[in-house]
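Got a sequence here, can you model it:
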Amino acid sequence: MSDQKHPRFDLKRYRAAHPLRPRRVQGEETDALTPMMKAIKAVHSVTSTGSTRPEDLERQRSAQEVFGRLVTPSLMIHTSPLTIGTVPAEWVQMNQGHDRRHVVLYCHGGGYTCGQLGYARVLAGKLALATGCDVLSFEYRLAPEHAYPAAVEDAVRVWDYLMHMGIGARDVIVAGDSAGGNLALELALAIKAQGRRQPRALVLMSPWTDMAMTGESYQSCLALDPMLTPDYIDSCRTAYRGEAEEPDWADPRLSPLYADLRGLPPTLIQVGTNEILKSDSQRIYEELRAQEVYAVLEIYEECWHVFQQMPIPQAARAMESVGRFVQKIL
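Predicted coordinates:
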């Protein structure tokens, strides 16, 4: 992808235009949001400030745990905690009869700075119900306390655990949302680099694929996104990368959009029309197809970042589609 086609987002210009409250969008920009998205924007502006100060991160992480308790499916599933080496993890399983031959390995989102098992349980539960498979979620180490490559190392450790349990790579679907979508792709790339078999499929929800922030939707969806801002994404990528003086955000180890994707498994990508990360999904889809990987892209109208978490009709349709995709692949 050339820089001319996808110009780098100008953070300095953005901050000059939004000097005080970068999350607030005035006038006709606010009018473009639906009532639900306005409410989500108001809540998210309080719980996810983008600050990586310890006290702010603690508040954000606690708020996500509360959110998880409020919206996790409460019927037909149960959870079983375990520890994989030093990584806290959790099986999320249906109470009734289900497919015990296949597993979904779920990588939670949170910008690599937030997200714990309680927060992960929201989509882990939905994935269990949609696919009929057992779901294994895990609490990878978070930035800035643990910068790159800690999260990838933890993901590989959990993958190795599944393999040592006797679950074949072809019996595992790897799913992830947002930063977890980045991690799912980086896990697949790490496995590929080791010369090992790929998972059966990837399911990516609003994946963060380009830390260089070059997507067109950073401009076109700036006023429409009720959850994310360029400042928030910049703070997360900076915390994740750690102490590098001049990080190369187009490094494939950070941004899978620029990786050699050949040989990756069939991939389902879902994204909303109102996300500044919409281009991250569109462009990774284009790259997968260009590199002869089977991929499906679904774009949901009037939806925001990881809308699948919410109890809304679009989320139900998206999860039903995940279930159909997994069953087709299996």
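
contacts and neighbour counts: CA atoms only from here.
OK.

Okay, V103 and S217: tell me how far apart.
34 Å (Cα to Cα, to the nearest Å).

Neighbour count: the two, which is higher?
More crowded of V103 and S217, by other Cα atoms under 10 Å: V103, with 25 against 22.

quick one: that one and D171 touch, right?
Yes: under the criterion of Cα atoms under 8 Å, V103 makes contact with D171 at 6.3 Å.

As a check, name the ranges of all strands in the stretch 101-250 of the chain.
Under the criterion DSSP state E, counting those that start in this stretch, the stretch 101-250 of the chain contains strands at 133-138, 172-177, 201-205.

Figure out which of those strands is closest to A244.
With respect to A244, and counting by Cα to Cα, the nearest of these is strand 172-177 at 25.6 Å.

Can you name the residues in contact with that closest one?
For strand 172-177, the surrounding residues in contact (Cα atoms under 8 Å, 6 or more residues apart in numbering) are 102-109, 181-184, 199-207, 306, 326.

what distance separates stretch 76-93 from the middle of the whole chain?
19 Å (Cα atoms, centre = their mean, to the nearest Å).

Now it: buried residues?
Using 16 or more other Cα atoms under 10 Å as the test for burial, stretch 76-93 gives 77, 79, 88-93.

Tell me which two of these sit farthest apart.
I77 and P88 (19.2 Å).

From Y161, how far out is G110?
24 Å.

The two: which has the busier surroundings?
G110 (20 against 14).

Next one: V172 from S279, what distance?
27 Å.

swap that for K328, please
26 Å.

Show me where the stretch 201-330 of the chain has its helices.
217-220, 230-241, 278-290, 313-329 (DSSP state H, counting those that start in this stretch).

tilt between the last one and strand 172-177?
Using axes from the mean of the first three to the mean of the last three Cα atoms, to 10 degrees, the inter-axis angle of helix 313-329 relative to strand 172-177 is 160 degrees.

Quick check: buried residues in helix 313-329?
314-316, 318-323, 325-326.

so can I have TSV of those showing distance to M227?
Listed next are the buried residues of helix 313-329 as TSV, based on distance: Cα to Cα, whole Å:
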residue	distance to M227
Q314	17
A315	16
A316	20
A318	19
M319	21
E320	24
S321	24
V322	23
G323	26
F325	27
V326	28
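
Closest one to E287 out of those residues, please.
F325 (19.9 Å).

How about the contacts made by that closest one?
L268.

cool, and C221?
Taking Cα under 8 Å, 6+ apart as the test, what C221 contacts is 274-276.

switch to 10 Å and redo it
By Cα atoms under 10 Å, 6 or more residues apart in numbering, the residues touching C221 are 229, 273-279.

mind checking how far it is from M227?
11 Å.

Look up how far A179 lies from Y112.
With Cα to Cα as the criterion, Y112 and A179 are 6 Å apart.

next one: I284
14 Å.

And L11, by the same measure?
20 Å.

Comparing the two, which shows the higher neighbour count?
Neighbour count, other Cα under 10 Å: between L11 and A179, A179 has more, with 25 against 13.

Could you double-check that that one lies in contact with L277?
No: taking Cα atoms under 10 Å as the definition, A179 is not a contact partner of L277, at 11.1 Å.

thinking W208 is in contact with S178, fair?
Yes: shown here, W208 and S178 form a contact pair, counting by Cα under 10 Å, at 5.1 Å.

which one of the two has more residues nearby?
W208 (30 against 24).

for the more buried one, what are its contacts?
By Cα under 10 Å, 6+ apart, the neighbours of W208 are 109, 111, 176-183, 185, 233, 254-257, 277-281, 284.

ok, for Q282, nearest residue in space, not its chain neighbours?
Among residues not flanking Q282 along the chain, L297 sits closest, at 7.3 Å (Cα to Cα, 6 or more residues apart in numbering).
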